[in-house]
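Novice: sequence plus predicted model, see below.
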Amino acid sequence: MAQTNELAPPRHIAIIMDGNGRWAKQRGLPRTAGHSAGAEAFRRIANYCRTLGVEYLTVYAFSTENWKRSQEEVGGIMLLLRRYLEEAISDMEKNKVRFRFFGDLTRLSPQLQKLCADAQNRSKDYDVQVNFCLNYGGRDEIVRAARAFAADVQAGKCQVSDLTEELFGDYLYSRDVPDPELIIRPSGEMRTSNFLLWQSAYSEYVFMDVLWPDFGPEDLDKAIEEYHRRNRRFGGV
Ligand code: IPE
Ligand code: IPE
Ligand code: MG
């Protein structure tokens, strides 16, 4: 697929992979079928990002609020994740993608936690980085960072006055990862739903009507074109 714009793509793109349930409903299928099609869309887009030369792709796969869904749906999503990670681990040499996980993985099954750890460890020398947000919440991330900093102060490792925005960033899941320039939300919803609250301070948001399972390279091209049309001022003039 050719890139339709000649400008360099953003270094870091983040995506709220939303609309799987509605996609399935439109077809009279169970919601899990939508998640399965969503996993396919992710594979497509991760490959395309690599072709474009995007350095970081952060995807929202499961939020701290998504546990509210039925056991059947949550179980279906966890099963898909397991299959995806097993496949990603066996295809690692081919895809050469570096995995990181943002979120509290301790609530996942021990088996899934092990797959996440394996995927992360075995891919640590590759360049293109996928940050998988699993049991992730932006507020939860900030609270954990605040607790970790407080614990370091209590242990005498640093002082309250040492805290800067930069240092605080080191306590977040995203440490060492630049903020995303572009955040895409398909499915027509226009809200953050607790995604990257700290990191999105100056990100460009592109909201699109397409449902995630239908999202393809041409949609990513459109979002990148829209991003290039924006005038990023960062508070300046
Ligand atoms: C996103 O699709 C996937 C997850 C949140 C896990 P949804 O399941 O939220 O799909 P809609 O929004 O109901 O269509
Ligand atoms: C956000 O979508 C979470 C993920 C895509 C993983 P939701 O579908 O959970 O968000 P709301 O409920 O529409 O805000
Ligand atoms: Mg949704």
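Specialist: Structure received. Ligands and ions are numbered 1, 2, ... in the order given.
Novice: for ligand 2, what's its nearest residue on this structure.
Specialist: Per CB to the nearest ligand atom, the residue of the chain with the smallest distance to ligand 2 is residue 193, at 3.6 Å. Heads up, the C-betas are built off the backbone N, CA and C, glycines and all.
Novice: in a helix, that residue, correct?
Specialist: No. Checked against DSSP: H, G, I helix; E, B strand; the rest coil, residue 193 lies outside a helix; its state is coil.
Novice: count the residues that sit near it.
Specialist: 14 (other CB atoms under 10 Å).
Novice: got a list of what it touches?
Specialist: Contacts for residue 193 (CB atoms under 8 Å, 6 or more residues apart in numbering) come out as 16, 18, 60, 63, 65.
Novice: do the same with residue 54
Specialist: 9-13, 128.
Novice: name the SS class of residue 205, please.
Specialist: Per three-state DSSP, residue 205 ends up strand.
Novice: repeat that for the one 5 residues further on.
Specialist: Here residue 210 is recorded as coil under three-state DSSP.
Novice: residues in contact with the closest residue to it other than its chain neighbours?
Specialist: In space, and not counting its chain neighbours, residue 210 is closest to residue 186: 5.0 Å by CB to CB, 6 or more residues apart in numbering. Residue 186 is in contact with 15-19, 208-212, 215, 219, counting by CB under 8 Å, 6+ apart.
Novice: what's the pLDDT at the residue positioned nearest the centre of the chain?
Specialist: Taking CA atoms, centre = their mean, the centroid of the chain lies closest to residue 59, which sits 2.0 Å from it. Looking at residue 59, its pLDDT reads 98.
Novice: so it, which of the three states?
Specialist: What three-state DSSP gives for residue 59 is strand.
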